[in-house]
Each structure stands twice: as structure tokens, then as C-alpha cells.
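Build me a model:
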Amino acid sequence: MKALHFGAGNIGRGFIGKLLADAGIELIFADVNQAVLDALNARHQYPVHVVGEQAQVETVTGVSAVNSTSDEVIDLIAEVDIVTTAVGPQILERIAGSIARGLAKRSDSANSRPLNIIACENMVRGTSQLKQHVLAALPENLHAWVEQHVGFVDSAVDRIVPPGEAGSNDPLEVTVETFSEWIVDKTQFKGDLPTIQGMELTDNLMAFVERKLFTLNTGHAITAYLGQLAGHQTIRDAILDPAVRAVVKGAMQESGAVLIKRYGFDPEKHAAYIDKILGRFENPYLKDDVERVGRQPLRKLSAGDRLIKPTLGTLEYQLPHDNLVKGIAAAMHYRSAQDPQAQELEALLKSAGPQAALAQVSGLDINSEVVAAVVKAYAAMP
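Below is the predicted model:
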């Protein structure tokens with residue numbers, strides 16, 4: 001089996017790429033970072049520091065790399081068995097053109113073997129969105145061929161991969177937590193279902209997508225936003241602050257109540273899952289900066305993302321949302337000189353005021369009780 005993986009950054013190397021290579025799949029990374037590409041092609045291996053109670057260094061072997069803007073990518077898509085991505089939600093549209101050209105070449109060369117494409121991004125049904133970008137870039141006469149031979153498989157991914165340690169001279173070295181979860185929608189595959197250790201197949205993906213979004217993502221973001229307000233530098237420092245922790249855990253319990261209503265999750269098991277997430281935030285070996293985790297607040301405050309979507313669920317089922325409201329208000333206070341979205345949000349708050357700004361970004365009704373509650377919480381924060 002042969003795989004092409006878009007994105008040779010920390011998540012690509014430390015999570016999805018590692019799982020594929022560990023499964024004995026021939027793996028080629030596609031990226032634009034020439035230093036990383038050169039190092040991968042010179043060494044064909046790299047170290048992954050898996051940190052936790054049983055810390056260890058694992059070596060990923062048998063890998064190579066190509067530039068994602070080159071024609072080599074087109075040739076590879078025409079022949080590989082699986083394409084995966086870990087490039088970030090905003091980049092999916094950019095790589096869709098190359099994927100479309102590769103699929104056209106695959107069709108022209110009469111390669112009828114099934115190809116499965118899996119976007120492993122921090123977003124809901126990212127592969128379905130990638131599919132729309134690919135089809136838009138593909139001649140209509142090839143759409144039926146793609147529907148027959150290419151599976152666009154949605155997935156939910158979960159592993160904390162912080163930035164590399166400052167001072168490391170190795171462009172390939174990466175640090176990851178012990179925990180990882182890669183859940184894929186088995187109903188969307190073409191051909192035989194793959195057997196890859198670390199890939200979990202399900203026919204109810206949205207339950208797991210929302211469990212991760214409403215728990216890990218919601219809690220991580222609120223920890224970052226409240227942590228920055230309280231003057232903490234790292235996620236660990238923030239979650240060890242009792243005042244921050246109380247709101248974060250409360251928000252995850254509120255979003256969890258939505259999941260229990262919607263999908264029938266076992267309340268005791270979900271409570272244990274929340275505790276496990278909190279323990280991951282405390283990992284002393286993961287030095288994750290609150291500013292990094294909080295970046296792109298406009299996306300994180302949008303209707304389908306980690307703060308507003310669970311809050312909408314509490315409104316749907318008439319459940320409490322006091323802590324989620326505090327998390328949303330804290331997100332509106334997020335500031336970063338390195339993040340254009342943070343600056344855009346700050347400018348919008350100044351020009352429109354918090355009530356109109358929140359309604360515009362989130363899609364919530366400007367005159368709703370929940371918007372009024374967020375604005376009140378926002379005003380009470382330093």
C-alpha cells in the first residue's frame with residue numbers, strides 16, 4: 001500500500017504520517033517547506049518524542065517527500081492507494097487543484113483501483129468540504145468517474161502536538177502526547193476497508209466528531225482564552241489555576257449534557273472522558289502556549305465551531321450554558337500581535353460594539369438572551 005500525505009508539519013509527522021508509516025505503508029509527504037523536504041529525503045526517517053508517564057523516542061522510517069506544488073504530486077495521486085492531509089482547514093482549498101489534476105491523470109491512465117482521500121483536520125467533515133473544492137476544480141465529465149472510484153472519507157482526529165522545543169536544530173524532530181484518536185467514517189470508503197493500527201472505523205462519525213469538538217476543542221480553547229486573561233503562558237499553568245479549571249470543566253459538562261441528549265452517550269463514561277481531557281491539559285511534558293491554542297478566534301467563534309455549536313445545543317435542549325457563555329466572552333478578549341484574526345476581532349469590537357460583533361461572527365440572534373449574557377460576562381472581565 002502506498003500513501004501520499006499533504007502536510008509535513010508537526011501534526012503530519014507526529015500523528016497521521018506516523019500511524020501510516022508504522023503500519024508499513026510506503027509514505028510520501030507533500031509540503032512546501034524545503035528544509036523539511038530535504039531532510040526527509042536525505043534521512044528517510046525522523047524521531048518522535050512521545051511524552052507522558054512512559055516517555056520514549058520512536059523512530060519513523062521509510063519515508064520520503066515531494067514539493068506539494070510540483071508535478072510529482074500529480075503523478076503520485078494517479079498511483080497511490082490513500083491520500084491524507086494535515087494542512088489546516090484554510091489550506092484544503094489550495095491543495096484541491098493539485099488533487100483534481102492528479103485524479104484527472106489517474107482517470108486518463110485507466111487506473112481503476114480505489115483511491116481513498118481522508119482530510120485529518122481540526123474541523124467538522126473536512127473531507128466533505130475538500131471534496132467540494134476538488135469537484136469544483138475538476139471537469140464535469142470526470143465527476144461520475146470520481147464518484148465511482150474515489151472515496152472521500154470524513155474523520156475525527158485528536159492528538160495534542162505542541163510546537164517544537166526552542167533550540168532544537170533538527171527540523172524533523174517532533175513531540176506528541178501519548179494519547180491519539182483517529183476515527184473514520186467507514187461508510188464512505190471505496191473498495192476494501194483498510195486495517196491500520198490507530199485508525200478506528202465507525203458508521204456514526206458525527207457522534208465522535210462532536211464528542212471531540214465539544215470536549216477537547218471546547219475545553220482547550222476556553223483554557224487558552226481564560227488563561228491569557230489570567231496572565232498564564234501555558235495551557236498547563238492555566239488549567240492548574242482553580243478559577244480557570246472550574247469554568248473549563250463546567251463548560252465541558254454543559255457541552256457533554258448536549259452530547260448525552262443527542263447521541264445517548266453514557267453519562268459516567270463521558271464524565272471519565274472529561275477527566276481524561278483535563279489530565280491531558282495538565283501534561284507537564286507538553287509546553288503548549290495559550291496564545292497558540294487561542295489563535296484564529298473568528299473561526300473558533302463561528303456557528304459550527306467549538307464555542308457556539310455546543311451553546312446552540314444547550315439552547316436546543318434547554319440546558320444550562322453559564323460556563324460556555326464565560327468561555328465565549330473570554331474568546332472575545334483574546335489578543336495576539338501575531339494573529340490577523342485576533343486583530344480583526346479587536347477592530348470589529350471597537351467599531352461595532354460587543355453585541356453586534358458577536359452576532360456578526362457567530363450568527364447568533366443579536367437580540368437573544370444568550371448574546372446579552374455573553375456581553376454581560378464580557379464587560380465583567382478585565
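
Leu312 is in contact with Ser302, correct?
No: in this structure Ser302 lies outside contact range of Leu312 using Cβ atoms under 8 Å: 11.4 Å. (C-beta placed from N, C-alpha, C; glycine too.)

Let me know how buried the nearest residue to Arg43 once chain neighbours are set aside is, in neighbour terms.
Nearest residue to Arg43 in three dimensions, chain neighbours excluded: Leu172, at 7.2 Å (Cβ to Cβ, 6 or more residues apart in numbering). As a burial measure, Leu172 scores 20 neighbours (other Cβ atoms under 10 Å).

Which strand or helix spans Leu172?
Using DSSP states H and E, Leu172 falls within no helix or strand.

Quick check: buried residues in stretch 122-136?
Asn122, Met123, Val124, Arg125, Gly126, Thr127, Gln129, Leu130, Lys131, His133, Val134, Leu135 (16 or more other Cβ atoms under 10 Å).

Stretch 358-375 now?
Going by 16+ other Cβ under 10 Å, stretch 358-375 has these buried residues: Leu358, Ala359, Val361, Ser362, Leu364, Val370, Val371, Ala373, Val374, Val375.

Tell me the gap between it and the middle of its chain.
Centre-to-centre, stretch 358-375 and its host chain are 26 Å apart (Cα atoms, centre = their mean, to the nearest Å).

Need the distance between the two termini of that stretch.
8 Å (Cα to Cα, to the nearest Å).

domains of this protein?
Structural domains assigned to the chain are 2-203, 206-380, following automatic domain parsing.

Centre of the chain to the last one, how far?
Spelled out, it's domain 206-380. 15 Å.

mind checking the end-to-end distance for that domain?
36 Å.

what does the average pLDDT come to for that domain?
Average pLDDT, domain 206-380: 97.

same thing with the longest one?
Averaging pLDDT along domain 2-203 gives 94.

State the distance from the residue nearest to Pro267 when sequence neighbours are not counted to Thr218.
Spatial nearest neighbour of Pro267, chain neighbours left out: Ile260 (5.6 Å); criterion: Cβ to Cβ, 6+ apart. Per Cβ to Cβ, to the nearest Å, Ile260 is found 15 Å from Thr218.

Same drill for these two, tell me which one is more crowded.
Neighbours were counted for Ile260 and for Thr218 using other Cβ under 10 Å; Thr218 has more, 28 against 17.

Helices of the stretch 201-350 of the chain, start to end?
205-212, 218-229, 235-239, 242-263, 267-281, 290-294, 297-300, 308-316, 322-332, 340-352 (DSSP state H, counting those that start in this stretch).

ranking the ones you listed by burial, who's on top?
Across the helices of the stretch 201-350 of the chain, the average number of neighbours (mean count of other Cβ atoms under 10 Å) peaks for helix 218-229, which reaches a mean of 27.

So which residues make contact with that one?
234-235, 237-239, 241, 243-244, 247-249, 251-252, 255, 274, 277-278, 281, 290-291, 293-294, 297, 300, 306-307, 310, 323-324, 326-327, 330-331, 333-335, 381-382 (Cβ atoms under 8 Å, 6 or more residues apart in numbering).

What of stretch 293-305?
Residues contacting stretch 293-305 (Cβ under 8 Å, 6+ apart): 89, 124, 213, 217, 220-221, 223-225, 228, 235, 306-309, 312, 328, 331-332, 334, 336, 338-339, 341-342, 344-345, 358, 361-364.

Cool, thanks, talk later.
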